[in-house]
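1. here are the coordinates; sequence isn't available:
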């Protein structure tokens, strides 16, 4: 009985902590609700950058980008995937981000498909929104 109670509490916690998706968005293609119909490209300056922690617990990295119109959270990818790319994103970097505009936890965010920093390009998702770090992906970014 105690085991069932613990399992139920754990599952309840997982359900409450899942990202909120608006009803107009299609089903998620992975852990985040990437929507190919809402893909756009924006430019701005990084005001909060991800911290790369080698060997840390796997987690999704985010940054805060200030554009001419708004401050927007950009969801990149897992910390280990970013560490493999060979370049970092820092505060005051000017970026061009292509991604899907979605609502996460009641706030607007951009799920990054590609990030350009000068001539460098970091790719996170394919055209359908499938993460490039996914086991089903056979090519490298």
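-> Received the coordinates, thanks. As the structure is a prediction and not an experimental result, all values here were calculated from the model.

2. hey, let's count contacts and neighbours off CA atoms from now on
-> Will do.

3. Flag the shaky bits of this protein, pLDDT-wise.
-> 1-31, 52-56, 136-141 (pLDDT under 70).

4. Now do the helices in it.
-> Residue ranges of the helices in the chain, as given by DSSP state H, are 2-17, 79-84.

5. Is it correct that residue 90 is in contact with residue 63?
-> No - at 9.3 Å, residue 90 and residue 63 do not qualify as touching, with contact defined as Cα atoms under 8 Å.

6. Between the two, tell me which one has more neighbours.
-> Higher neighbour count among residue 90 and residue 63: residue 63, with 19 against 15, using other Cα atoms under 10 Å.

7. you'd agree residue 61 is up against residue 78?
-> Yes - the criterion here is Cα under 8 Å, and residue 61 meets it with residue 78 at 5.8 Å.

8. Give me the number of neighbouring residues for the closest residue in space to residue 81 that isn't next to it in sequence.
-> Excluding the flanking residues, the one nearest residue 81 by Cα to Cα, 6 or more residues apart in numbering is residue 133, at 6.8 Å. Residues lying near residue 133 (other Cα under 10 Å) number 19.

9. re the thing from before, which residues do residue 90 and residue 63 both contact?
-> Taking Cα atoms under 8 Å, 6 or more residues apart in numbering as the contact rule, residue 90 and residue 63 both touch 46, 48, 49, 50.

10. Top of those residues by number of neighbours, please.
-> Neighbour counts for the shared contacts of residue 90 and residue 63 (other Cα under 10 Å) peak at residue 46, which has 23 neighbours.

11. burial count for the spatially closest residue to residue 101 that is not a sequence neighbour?
-> Among residues not flanking residue 101 along the chain, residue 110 sits closest, at 4.5 Å (Cα to Cα, 6+ apart). When neighbours are defined as other Cα under 10 Å, residue 110 has 26 of them.
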